[in-house]
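**Q** sequence and predicted structure below; questions after.
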Amino acid sequence: MQIDKKENLKISEEFVPFYDFLNYCRACFLSIIEYVDKNHLSDEPINYKSDKDRVIFEDVCKDKDAEQWLIDNGYKDVVFNFYFKHLFFSLLVDFCNYYNASIDMAFNGNIYVAWALLRKPLQETLAYIEWLYVDKDELLKLMIESNDVKSYEIMNKKNKIKIKEHIDKIQNCKSTEILDIYDFRYSYDKELTLNGILQAANHLITTRPVLKTSPSGLNFIFQNGERIYRDTGFYYTAISYVMTYTMDVIMKIFADIADLSEYTRAMNSLNLKLKELHTMSDQIDYKKAKELLELDLIPVYCPVCGQSNSSDEMWIKFAYSHFECSKCHNKINTYQYLFDFEDITFVNENHKDHNNGQV
Ligand SMILES: [Zn+2]
């Protein structure tokens, strides 16, 4: 939900659109986690090959290594799928715990604590989510079969090289990116990076060449308003950029696990892009956004009455706060992950069970 602009703002007005965007990401994660709990998505059913297997497994569960029995008896996929879902949702919750606290800290003006809270989620938790996205079998195999945690410790020198490879694969080697996501998260060569800010935020004296504390000084003993403003601005712009990337990866893994429809995926992907453009592209007006995202080609079907909506007014409201159907005036808050379109049945999807939309 967007913040109430009438309340006393604790941050400078120019950062409010970024705060709105970061809050939209928080709301999406929350709606995803609630959906997972409600629909028991982290459970993995076992389709037994025979009644005999079912009886034996129930017995094994009482006092032996049930996981090993499943692997040894042709149910390896069950173990891997169970680990995959549990790991992904646990990583997501872990990411949210730190991320949510960080954006609250930043909003309350505690910018260096806000930065400090991002080390674990951006350097470690996100790296495992990326690993799951690019090659989940490799990570799960190491976790289930290896006796050495170093084999899958992401910050281990041997594995760290994977992080860059994963980011490149996810971004499809885009060379025109505004911010290098790997450098931002792991480089020690620049002041305006996560490590650059963290070195100064977490230590009173730092000695790395680029981040060296000045003689006779301690980091932040003599901090000034200009520096705080710079690091606040960098927080909102860089983290919003990184969160667009993060949201995209998380939404893709989640939609696959939840087996969501292509239309639900498209609506959420579009919503993310609309919010991103609104937040980060001062130069892009609605007309350009409409052209860029080809909004003309994508009608929004009302999940209540099936009406096809495509007016400029509808899209502008969709980007800023909510969707409203022109026929039945059904409203949907767009500051969250959108599950509302999941029940629509398209004519060429007649194998699906639901038919609320009759589109
Ligand atoms: Zn309607």
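**A** Right, received. Where do you want to start?

**Q** apart from its chain neighbours, what residue comes closest to Ile205?
**A** Leaving out its chain neighbours, the residue that sits closest to Ile205 by Cβ to Cβ, 6 or more residues apart in numbering is Thr213, at 4.8 Å. Any C-beta I mention is one placed from the backbone N, CA and C, and that applies to glycine too.

**Q** backbone torsions only: list them for that neighbour.
**A** Thr213 adopts backbone torsions of phi -70, psi 140, taken as degrees, to the nearest 10.

**Q** ok, it - contacts?
**A** Leu204, Ile205, Thr206, Thr207, Asn219 (Cβ atoms under 8 Å, 6 or more residues apart in numbering).

**Q** show me where the stretch 101-250 of the chain has its helices.
**A** 111-116, 119, 126-145, 157-171, 181-186, 194-202, 225-258 (DSSP state H, counting those that start in this stretch).

**Q** of the contacts of Thr213, which ones also sit close to the ion?
**A** Applying Cβ under 5 Å from the ion to the contacts of Thr213, one finds that nothing falls near the ion.

**Q** adding pLDDT and neighbour count, write the residues you listed out as TSV.
**A** Putting these into TSV (pLDDT from 0 to 100; neighbours: other Cβ atoms under 10 Å) gives the following:
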residue	pLDDT	neighbour count
Leu204	74	11
Ile205	75	11
Thr206	75	18
Thr207	76	9
Asn219	68	18
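
**Q** how far is stretch 316-334 from where the chain is centred?
**A** 24 Å (Cα atoms, centre = their mean, to the nearest Å).

**Q** ditto for stretch 300-310
**A** For stretch 300-310, the distance to the chain centre is 27 Å (Cα atoms, centre = their mean).

**Q** which regions of this structure lie under the pLDDT threshold?
**A** Low-confidence segments of the chain (pLDDT under 70): 1-9, 46, 57, 60, 62-64, 173-177, 210-211, 215-223, 282-283, 347-359.

**Q** residue numbers of it in contact with the ion?
**A** Cys302, Val304, Cys305, Gln307, Cys325, Lys327, Cys328, Asn330.

**Q** any buried residues in the helix or strand in which Phe323 is found, and which?
**A** Phe323 belongs to strand 322-324 when elements are defined using DSSP states H and E. Buried residues in strand 322-324, counted by 16 or more other Cβ atoms under 10 Å: Phe323, Glu324.

**Q** that strand: partners in the sheet, and parallel or antiparallel?
**A** strand 331-333 (antiparallel) (DSSP bridges).

**Q** show me the contact partners of the partner strand.
**A** Contacts of strand 331-333 (Cβ under 8 Å, 6+ apart): Met1, Pro303, Ser321, His322, Phe323, Glu324, Cys325, Leu338, Asp340.

**Q** just the buried positions in it, please.
**A** Buried residues in strand 331-333 (16+ other Cβ under 10 Å): Ile332.

**Q** would you mind measuring from Lys85 to Pro209?
**A** Relative to Pro209, Lys85 is positioned 44 Å away (Cβ to Cβ, to the nearest Å).

**Q** ok, Lys273 next?
**A** With Cβ to Cβ as the criterion, Lys273 and Pro209 are 39 Å apart.

**Q** compare those two (neighbour count), which wins?
**A** Remark: of Lys273 and Pro209, Lys273 carries more neighbours, 16 against 7, as counted by other Cβ atoms under 10 Å.

**Q** let me know the secondary structure of the more buried one.
**A** The assignment at Lys273 comes out as helix when based on DSSP: H, G, I helix; E, B strand; the rest coil.

**Q** quick check on the spatially closest residue to it that is not a sequence neighbour: phi, psi?
**A** Of all residues not flanking Lys273 in the chain, Leu293 sits nearest, at 5.8 Å (Cβ to Cβ, 6+ apart). Note on Leu293: its backbone torsions stand at phi -90, psi 0 [degrees, to the nearest 10].

**Q** what sits against the residue in the stretch 151-300 of the chain that the ion sits nearest to?
**A** Going by Cβ to the ion, the ion is nearest to Val300 of the stretch 151-300 of the chain, at 9.9 Å. Taking Cβ under 8 Å, 6+ apart, we find Val300 in contact with Met267, Ser308, Asn309, Ser310, Met314, Phe318, Phe323.
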